[in-house]
Structures are given as C-alpha cells and as structure tokens.
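Show me the folded form of this:
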Amino acid sequence: MESSATMSLKSPPLPSSSSSSSFFSTSFTQNPKPKSLCFAHKPRPFKCIQSPPPGAVNKPFTCSAVTFPSSQSLTETHVSSKLHRLISEFQSLPEPIDRVKRLLHYATLLPELDPSAKVDSNRVMGCTAQVWLQAELGSDGKMRFFADSDSEISRGFCSCLVWVLDGAAPEEVMKITTEELVEMNVGVVGKERSRVNTWHNVLITMQKKTKALVAEREGKTPPFEPFPSLVVTADGVEAKGSYAEAQARYLFPDESKVEELVSVLKEKKIGVVAHFYMDPQVQGILTAAQKQWPHIHISDSLVMADSAVKMAKAGCKYITVLGVDFMSENVRAILDQAGFGDVGVYRMSSERIGCSLADAAATPSYMNYLESASKSPPSLHVIYINTSLETKAYTHELVPTITCTSSNVVQTILQAFSQVPDLNIWYGPDSYMGANIKELFQQMTKMTDEEIAEIHPAHNRDSIRSLLPHLHFYQDGTCIVHHLFGHEVVEKINEMYCDAFLTAHLEVPGEMFSLAMEAKRRGMGVVGSTQNILDFINQRVQEALDRNVNDHLQFVLGTESGMVTAIVAAVRRLLASGKSSSGGAKIKVEIVFPVSSDSMTITSPNSSVTMGDIILPVIPGVASGEGCSIHGGCASCPYMKMNTLSSLLQVCHQMPDEKNIIAAYEAERFKLQTPNGKSVADVGCEPILHMRHFQGNKCPFVPSQTNGLEEERSLNTDTRRKKEHLRHYPNRNQRPHAHARGYLKSNQSMKTDADRIVFLLEILMITSPTKTPSSSSTTTLNSDTYNKSLKPTLNSRISHKYNNKRTTPLIAPFLDRKKTVLSASCTMGSTNESASAQEKQPLFSFGIISDVQYADIPDGRSFIGVPRYYRHSILVLQRAVQNWNHHKKLKFVINLGDIVDGFCPKDQSLNAVKKVVNEFDKFNGPVYHLIGNHCLYNLPRKQLLPLLKIPGVDDHAYFDFSPTPEYRFVVLDGYDVSAIGWPQDHPKTLEALNFLREKNPNSEKNSPSGLVGLERRFLMFNGAVGKEQLEWLDDVLQEASKLKQNVVICCHLPLDPGASSPEALLWNYDQVMDVIHRYNCVKLCLAGHDHKGGYSIDSHGIHHRALEAALECPSGRDAFGYVDVYDDRLSLVGTDRMHSTDMCFKLKANC
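Here you go, the predicted structure:
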C-alpha cells in the first residue's frame, strides 16, 4: 500500500468500479495514441486520460515546444494571460484526480528532449524525479525553453511552464513568482514534499538560465564570484577556492599528530568534548582520533556536558572542552552535580573565550528587560541554551526560566501559551531568532485552523493572534557569525544559488531567514538547529542514492563554516555505503560556504580588533585565502577558532598540572551567590536540568551512544504512559503529541499562576520534539540530587513569585512517584545493552517482513517519486529467507501482507502469488501470512486464503497462535469490512461502500481531498475490523490475561497515528484500541502498509511498529529482520533499511 508519503496515481480496478481510475499509481501498461492533436514532432505514445476540450483543433507543433488544445492558445503570447488561463483551467477541475489527469494529458504533448541535452548542467535541482531544462536566447530577444523528465507527472509540470514562458521576453520570465504557481494546486495529496515542487524548481531554473544568457549576450561579467565550496564524491573531495582548499586539507589529517594526541589521551585518561564549529584542522584530527579513543565527542553545545559525564563514568580523569567559555562552565557544573567534582575540566586558552550572544545576555540592558517581565505576571522566560550559567541563575530568580534550543523553541512557546493562555513569554537573548519566531507566528495567522493544528493541536488562528501581543523578544543580542548572513550574502545567493538547497539556522537575519523559509516551503531548504541541518543534508543525499541516477546536489551552508567537517564526513560515509549498490550512478555533493566581506580571521599574534563595542582578542586562523581577510571571508566564529590543536596538545601534555603551568586554562567553579543567597552554579543549572530530566526519561527510537555505561534515571510506568505518540523519525520532529490534550484538561483544575507555570515546566519537555539519532541526549543528573536540590528551589521561587500563600511543594505530585533507576540501555535501538542483558537469552525469536509487492513488471515510482523495485523485491525476500535459516533459532516468520503488487498483470496474479509463497516456503519453519490490499487486488479471498494457508473461517483472515506458553500472537483481518476482496454484492462490500459514502465526500474514494487530520484514513484501499472480529478479539485477550500471556497484535493496517500517516490507518483503529486497552497483556502492535515505516508508544505503554517495505529497496538494499522475544521486552533486529527497535515494557534494571 501507499500512504500519503508514498502515494501513486492509479490503483488497480476495484470491485466497486471496475472502470474507475484513481490517483494511486504511476505504472502504465497500455499506451494508445492520443485521441487528438497532431505534431510535427511525434510525441511518446501515452494513454490519453483526458480528451481535449470541445473546440480543439489539430495544429502542427511549433517552436513553442507545446501547444495546448485550443485555437485561442495559439494567439496568446502575453505571459500573464497565459498563466491566468492555465490557473483558471486547473481551478475549474474540483477533484485532485481530474487535475492530475489533465496534467498527465499535457505530459503527452511535450516532445522528448534530445539525449545529448540530458546532461548534469541541464538538471533541475530539488526535483524528486530527473528533470532537464535547456534554455536559449533567440536572435529576436525571446527565450526558448526545452524540457523533459523521466516522470510523467514532472513532464506535465514542465509542459505547462514551457507553454507559458517559451517565446517570452526575458523580463516577462523574471516577473513570474513561485507564489502564482501555488494556485494550480495540481493533485497534491497532503502537504508533504512532493513533485508539486517541480513548479517552483523548474521556474527558478528557467529564471537563473535567463539571467545568465542575458548577461552573456550583453557582455557583462557575473556580478559576483562564486562562493568557495567542497565537492564530495564517492572517490574523494575536490576544493574550489583557497578557503575550501584549507578546509579540505584537514579532512585528511596528519597521522603523526593523530598518533600523538591518541597516545597522550590514553596515557592520561583524558576525554575531549568539542563543538561542531571547531577549526577544520582540529576537527580533522579529532575525527580520526575517535577511531582509536572512544572518549572524543563532537556535537552542538546541548549535549557536550552529557558526554563529559559519560566519559567521567568510564574512568576519564580529565575533560578538555573545545568551545567557548560558557560551554566549559556548563561541563564543570554538570560534572559537579553528577558527583564528579574530582574530574578536572580544562579550556583551550589562557585568555577569555567569549561569545557575543552570551555576552549580550550578561548586560544590565538584559536584566532591565527581564525586570519588566517580572512586573508582568504571569511570565515565563525562555532563554537560549547558548548563555552562561551566571545569566541563567540571575534571570531564573527574576522570572521562572526554561532553556530552549533552535529546534524546540517554537514548540516550547506554543505549548506554554496553550497551558497558560494569558502567559507573557519573554524570549532572549538572540534578537534575530526572536524576530524570526515572531514572523513565523505572523505567517501562521494566515494558515487555516487545520494547518495550525498539524503544528500544535491546541492552537488555531485565534489563539495565535492572541499569542502575538504576549510574545516579547530582546532587541540587542546577536551572534557575530549569524550577523554576517545579511543583505550581501542574500543577494549573492539569489543571484547564483537560487536553485540550490539552502540551509540556515533559526538565528540568521531576517532576509536570510525569509530566503531559507521560502526554500523550505518548496522542499529545497531547512531552517533549524545544527543537527537539523546535518539531518537534512543526509536525507537528501540518501534520497539521491535511492534514486540511483547521476545527480549533483548543491547545499548552501547558512551557518558557521566549521560544521563542514561533520557534513563531509557524514556525506562520505553515505556515498561509500552506496557505492557498491549504486549501479554506476555518480552522485556529487557540493557544500557551498557563503562569504561576507564583514567576516574576519586575525592571524597576528599580538593584536585585537574592535567590532562595535566588542573587542576580539588575538586568534589564530587560516593562513591565506577566503576567510582570513577582513576584506572578505567566510562565516567563521573567531572565538571558536581560539581552540587550536597546539593548545589541546599543550594542555594534555601538562596533565596533571602539578606546577600550575596551565592553571589559567582550568575551568573554575562558580563561587558567587545569587541575590537570594543561592549558589550560581546550582540555580543556573536548574533551567537546563529541569528540561533534561524529562528528556532523559524519554526512550527515543535511536541508536544509543552510551558505550555500555550505566546511567541513573528516574522513570515509572505512569510517567512512561503519559508519553503518548512519541515521534521517532527526523521528519516527524515537529508533529503534535496527542497526550497534550489530556494535560490541557488537567490544567483546568489548577487554581493559580504558580500551579500552571510549574505544571508547564513539567510538561514542556515531555511534549518537546524527539531527538534525532546523532543528537540524542540523556540526563546526567542523579534523581536524588534532582529531588533534593532542584524541586525545592524551583517550587519556592515560583510560589514566592506568584503565590506567597502556597506552602505545599507544587512539583512534588509529579516527581515524588515511585522511582526506578534504569540503565541507559532503555534507549530505543540501543546496540550497547548492559552486561546482564547481553547474557540473557531470548525466549524465542521470529522473522518479519512486509510489503514485498512483487510483480514481473518494470520498476516504477510512487506519486511523490519514491522508486518501486517490483522485480527486485523477490530478491530481498530470498535474502531474508537465507538470513532467517542461517540463524537457526527462528521459531517462525510473520509476513505483514501485500506479497504481490496490484499492478501485476491479472493473468499472472495466481502464478505470482504462488511464486512468492514458494520463496516463503523455503524457510525452515512455519510462515504466518497477513492479507493486504494489494493481495486482494490480485485474487479474491476464497482463492487467496488457501494459498497463504491462513486458517480463517468463512473466508475471514483473523486467527491467533501461541508459540510458547508465555506469548500469544493475534492476527487481525484489517480488510474484514472492505470494498476490495469480497464479491461486489457481499454484505461486507456493501457495508464498506456505505461507510465510505458517509465518510468520504469525494467521488473517487481513494482520494483524501478535503479530508482533515485523521479523517484522511477513510480511503478505499483501507478497511475495518468488523463487529464479530472485535468480539472475538475481546475473548482472545480475556483468555490471554487469565493465562498471564504477553500478546503481540499483527495487522496489515497500523493501529496508532503516532506510527503511521493518517492515510494508512485502519478505519476503526480507535475501536480496536479501545478493546486492546481494556487489558494489560498487549505489548506490541506490528503493521505494514505505510512503506516508510514508523514507531510510537501509545498512552497505555503499548509499542506500535510499522515495518519498512521490501518493495522500496533498490538493488543491493534490504528491509527485513527478526525479533528476539524476552519476558520484559521485544528487540527488533533490522537489516539495512529496516530500523532496529528495542521495545521495553517492564521496568527492570536491564531494560
């Protein structure tokens, strides 16, 4: 099946309408000639889905590349009138399927591009499919455009744009905006990144080529020189520009330096925590040294202190911090809080390593700003993580304070205002981020309530409008690096890199932010944290590898250039892993460094430079090229570059510092007290630790980086079960959490502002987005320390501030529950379990696979361009069976459904099913099959169930079995009530059709157009569990409970919104879960159907895992696995594209 993330254009004929066609496939097997239109250039044969409108006449094809079927169109030459006619034409078609059909018809009118023009220089960046565009400037001063694509949908887009702009004057081409194309709204399902971006990306490429051709004809030199860049391929790295050459030089570090560093680190048991923004020489050495010494960690500032604690627990006696001073302060304070006061912490300079942003928050102006906040209760101070502990301490005593990052600040503010609708929110100190956040909320007021609810379920346009007057941000705080991304850089990006992928931090100036947001809207950019940027680049590179065609990806790095080391390393790993399976496809990834003339790198050893009221101390830097001259350099932080390799080696060699030679390098403890007489270190940690306490208790679906170290955590079942619908994949990080509604109800019973704000601080981090794999962090705070130090001070301060009469500890009801100390191996996907867990043998194991969807037809693509490998999928199954048999410990195999694709020719369906079943039968044990929609497209139930050996009664496909006394598996029939599989006059079919008529107003019942949120599941390719099956399920679970069995539910259709797109859910998943939630025996619900996979934990602690599809594995890739079953957890061990998942359901020391 296809969810909205993998929808295609045309489903196979269904019983309800044998002649209908919907928009769920792009595999075409019959291609009669178009019914009308003659061309001098014969187009490719293609089925004419939409006949030409009345009045169409046959005309020869002209140099305009495409002629629409209307004589009037031949006389239209003005771009705006053509565009208006095109918009009106598509808007006149109410159903998405009709717009798609019209678009596909126009695809037939576009002649194929000459093969010699299908070169990399003509590729359009950002399109899911391959799209080529060739442009010429004629002698008459008019533009000529020629385009093509390997996707019919993209050809349709190109056909329309070429018709509008071919033969236009250059100035007319430049006048068209991407916003005008939004009104087309052609067949887009949901709001995911899809081929609709072809409108935007092709237009932008047209405009870029137009500008270049005009400049060339006029003899003008380009107004800008290209930015420096690094081009990464599977074979190596090419540098363009002297600054890039300096960066590339250190990607292959001096081995003697690596050996020297590793030797001293091992000898003296030194750990290293470093920020992403280090000098490339330092990062190159550290990255190479990591292979020989595990106690080196490079990340953003959020998790540096956590890594230091892990190193201390592993036996490191010293921690060296490569970053600015507030980072070493945080490391020192967190180590003290965690009980490692004897571990030394060292900076990399005897001079102060400042930070312009942190300094801005340590001024009287900032304290005056918060003094105003303290006089406007109820108020919450949201402070950026990159500030000093001293600042956090002083502000926390003025106003209740919580830290944030660029990736969670928007959700934090939205959640805060939903909890306390009259709350005043004071953000600081980054002025650019504050302004951008406000601009984001201004844009949200123009969205629909449904769109806003997708961002946060408790908000709508009215609530966002109410929020804006309550949102304040500090006006005088900037990062000198982000400040460099101003008008000059934006102008150059617009001129030279308008068709590239654009990445930017949320902290960049408004012009750069707007540019990046526009790119993000068309799937060509990301605005977020350092980790968000790295994940975005990795995702786009992986997508290019999956497409398995030659490609050139260009990324503009809208942040500090030091991050390039981590990016290049990640890209090289991906390209190396894909090299063997790419089939000769060559992928180039270009990382572009924006340069501003305001950047500087000082190399003089005894000088300083004044920038405004900031004095920059002497710092080392690159010896020559871009980035080292005040007349033009890269966005490079001068403070971070004070952390040099020579300093690191000097500090390490001097340890232990018995003669106080490096005393000035040591990070000292805070001895100051706050105005209320509290320790600055203790109070300053509170906003961070309060957030981290809840973050650490989450079990994100990511590989653990704990290296087998024990972590102390406080966690209990009640807390875990409140974490409903955790999103565990990067593209879901901003999705809402359904349990927030439950907390909103709790908020109604709170009487005072103090109650509500403490409660807000408790919930904020439970509902914050989940971390991505490489940025996963865990709490480093001992629970007893937290409860003794943090709770009372937090409670007394807020009680004193807003409710002096309150004496009962407000936070106690949430935190004083029964505590259980857990190992860090509870983190989902952990590959480093505790020793006891490693020794424990599973009760049994079983194999799993889903959505093979084999067919002996050429490869195709889904609606959004995801490749589908119909013939290769059976090879994935064959490797799976070999793997399962090799283990010799698997008790059985479960196939989650869809073994043959719906586009399998119907005269081959029976043989195709038998062929796939025969491969399953090669497994040395029983195989349990589930039916899916594609199975039922091929064969009716009466014929299908015996082939799959499904022990159903009266053609029903639900059953249960117990492989051991401890476990029972319950297989549900998700198409019990369905419009497919049953005879057309069967009561189940009629019931389903009546249900769809009630729930889905579209004439095409596979279309979710107009359906909102979870209503989008009411599609014909889904189904429901009938009344009799629900009663049977209740009986089975009741029996399992009496026998004290753990239960695993298997259903082709997912049962939880957190693990699936809405379009893939069982129609009555809520009714099924109501039955399941009556009992405590169900531990896991397995599903297929949603090809991209998914994972969640629902409100009752039940795990939901939708499996990645075997169908979408290109040559050499796999998606299958096996599950080790224990009495307290189930551990999915995935292969390649199937992600491993460790699913704990009992609170034990090894889980």
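
what separates the helix or strand harbouring residue 543 from the chain centre, distance-wise?
According to DSSP states H and E, residue 543 maps onto helix 530-547. Its chain's C-alpha centre and that of helix 530-547 lie 9 Å apart, by Cα atoms, centre = their mean, to the nearest Å.

repeat for stretch 297-306
Computed by Cα atoms, centre = their mean, the chain-centroid distance of stretch 297-306 equals 20 Å.

Give me the mean pLDDT for that stretch.
Here stretch 297-306 scores 84 as its mean pLDDT.

what's the first-to-last distance across it?
Taking Cα to Cα, to the nearest Å, stretch 297-306 runs 10 Å from one end to the other.

So which bits of it are buried?
297-306 (16 or more other Cβ atoms under 10 Å). Every C-beta, even on glycine, is put in place using the N, C-alpha and C of the backbone.

and of those, the nearest to residue 674?
Checking the buried residues of stretch 297-306 against residue 674 by Cβ to Cβ gives residue 305 as the nearest, at 20.6 Å.

Give me the distance from the helix or strand where that closest one lies to the chain's centre.
Element membership of residue 305 [criterion: DSSP H and E] is helix 304-313. For helix 304-313, the separation from the chain centroid amounts to 26 Å (computed by Cα atoms, centre = their mean).

got a markdown table for the buried residues of stretch 297-306, with distance to residue 965 too?
Shown next, in a markdown table, are the buried residues of stretch 297-306 (distance: Cβ to Cβ, whole Å):
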| residue | distance to residue 965 |
| --- | --- |
| 297 | 45 |
| 298 | 49 |
| 299 | 46 |
| 300 | 49 |
| 301 | 51 |
| 302 | 46 |
| 303 | 44 |
| 304 | 49 |
| 305 | 47 |
| 306 | 42 |
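
returning to that earlier point: can you give me the buried ones in the following helix or strand past the helix holding residue 543?
Once helix 530-547 ends, the next helix or strand along the chain (criterion: DSSP H and E) is strand 551-558. Neighbour-count burial for strand 551-558 flags 551-558 (criterion: 16+ other Cβ under 10 Å).

State which helix of this protein is the longest.
Taking DSSP state H as the criterion, the chain has its longest helix at helix 197-217.

now it, how far from the centre of its chain.
In terms of Cα atoms, centre = their mean, the centre of helix 197-217 is found 30 Å from the chain centre.

Look up how far residue 441 lies from residue 469.
11 Å (Cβ to Cβ, to the nearest Å).

okay, these two: which has more neighbours?
Neighbour totals were compared for residue 469 and residue 441, and residue 441 leads with 19 against 8 (other Cβ atoms under 10 Å).

I'd say that one and residue 464 touch.
Yes: checked against Cβ atoms under 8 Å, the pair residue 441 and residue 464 is within contact range at 5.7 Å.

least trustworthy helix or strand in this structure by mean pLDDT?
helix 812-815 (a mean of 23; mean pLDDT, DSSP states H and E).

Look up the closest residue to residue 1030, ignoring the ones flanking it.
Using Cβ to Cβ, 6 or more residues apart in numbering and skipping residues adjacent in sequence, the residue nearest residue 1030 is residue 1075, 5.9 Å away.

pLDDT of the helix or strand where the one you found lies, averaged?
Assessed by DSSP H and E, residue 1075 sits inside helix 1069-1076. Averaged over helix 1069-1076, pLDDT sits at 96.

for stretch 670-685, same thing?
Here the average pLDDT along stretch 670-685 is 81.

surely residue 1103 meets residue 1084?
Yes: using Cβ under 8 Å, residue 1103 is in contact with residue 1084, at 4.7 Å.

so which of the buried residues of stretch 297-306 comes closest to residue 174?
Among these, residue 300 lies closest to residue 174 (Cβ to Cβ), at 39.3 Å.

Disregarding residues adjacent in the polypeptide, which is nearest to the closest one?
residue 530 (4.6 Å).

Report the contact partners of that neighbour.
Counting by Cβ atoms under 8 Å, 6 or more residues apart in numbering, residue 530 touches 276, 300, 505, 559, 563.

Tell me the spacing between the last one and residue 229.
In other words, residue 563. Taking Cβ to Cβ, one finds residue 563 at 14 Å from residue 229.

same question, the first one
Using Cβ to Cβ, residue 276 is found at 19 Å from residue 229.

do residue 1143 as well
43 Å.

What of residue 365?
Taking Cβ to Cβ, one finds residue 365 at 39 Å from residue 229.

cool, and residue 557?
9 Å.

Report the set of residues contacting both of these two.
With Cβ under 8 Å, 6+ apart as the test, residue 557 and residue 229 both reach 591-593.

Can you measure across stretch 414-427, start residue to end residue?
From its first residue to its last, stretch 414-427 covers 13 Å (Cα to Cα).

how near is the residue lying farthest from the centre of the chain to residue 112?
Ranked by distance from the centre of the chain (Cα atoms, centre = their mean), the top residue is residue 659, with 50.2 Å. Going from residue 659 to residue 112 by Cβ to Cβ gives 78 Å.

looking at it, residue 546 is touching residue 867, isn't it?
Yes: using Cβ under 8 Å, residue 546 is in contact with residue 867, at 6.2 Å.

what do the two both touch?
1112, 1114.

how about residue 322, phi and psi?
Per-residue torsions, residue 322: phi -100, psi 100 (degrees, to the nearest 10).

oh, I was asking about residue 939
Per degrees, to the nearest 10, the backbone of residue 939 is at phi -140, psi 150.
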